[in-house]
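Visitor: Compute the structure for the input listed below.
(one chain, ligands or ions: 1)
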Amino acid sequence: MQKLSKDQVIKIMSRYGNDPQQLIAILLDIQEASGKNCVERQWAELASDILKVPLSKIHDVLTFYAMFSEEPRGENVIEICRSTPCFFNRMTSRENENDSKPGTEHVVQWFEDAAGIKMGETTTDGKVSLFYTNCVGACDIGPVAKIGDEVYGNLTVEKVKTLVKCCRDGNKQELNSLCQN
Ligand code: FES
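Guide: Below you'll find the predicted structure:
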């Protein structure tokens with residue numbers, strides 16, 4: 001993807017009439033157009049100038065909402081839940097050897113192996129980043145992974161491999177068919 005230009009960012013803001021009330025929508029569009037899945041500092045500063053919104057407020061928005069990032073991320077951000085109920089599965093499986101339910105640490109390992117990166121990293125093709133998240137309200141199918149707005153549970157090694165492959169191939173259709181089950 002081409003580097004985002006100043007003109008493009010100015011155009012995005014003008015589409016919203018340079019209205020500071022539209023800050024979140026504007027930042028989402030800038031992030032989407034960035035090719036880096038983030039709002040870089042220079043565009044936050046430009047938005048601050050044009051929209052007459054303090055840079056500190058823009059920073060607050062970018063750090064408050066989980067969908068934003070100030071650092072470059074992959075096209076697909078895979079977030080793995082590490083809150084207690086998901087994590088708890090690990091404890092269950094340790095207490096009962098016959099219980100094959102994975103815990104967060106197993107799922108993390110599967111994603112790291114499938115993507116060839118560690119948590120917090122992005123693949124060299126820029127397609128996949130791995131991050132942690134907190135409870136997304138789907139504990140009954142946990143440990144879960146969230147990709148965009150969709151939640152993926154009842155994870156297995158094979159399912160994780162498929163999810164990563166779908167992200168790499170841009171196969172949204174198969175990705176959608178695997179969510180919430
Ligand atoms: S603790 Fe992971 S979805 Fe609730």
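Visitor: wait, what's in contact with the residue nearest to the spatial centre of the chain?
Guide: When C-alpha atoms, centre = their mean is applied to the chain, the residue found nearest the centroid is residue 77 (3.2 Å). Residues near residue 77 by C-beta atoms under 8 Å, 6 or more residues apart in numbering: 37, 69, 129, 131, 147, 148. Placement of C-beta: from N, CA and C, glycine included.
Visitor: Mind doing that once more with 10 Å?
Guide: Residue 77 sits next to 37, 66-67, 69, 122, 128-131, 133, 146-148, 167 when contact means C-beta atoms under 10 Å, 6 or more residues apart in numbering.
Visitor: repeat for residue 56
Guide: Counted by C-beta under 10 Å, 6+ apart, residue 56 has contacts residue 48.
Visitor: thinking again about what came up before, what distance separates the helix or strand the residue nearest to the centre of the chain falls within from the middle of the whole chain?
Guide: Using DSSP states H and E, the element containing residue 77 is strand 76-81. Distance of strand 76-81 from its chain centroid, counting by C-alpha atoms, centre = their mean, to the nearest Å, is 5 Å.
Visitor: Neighbouring strands - and their directions - for it?
Guide: According to DSSP bridges, strand 76-81 has the following sheet partners: strand 128-133 (parallel), strand 145-147 (antiparallel).
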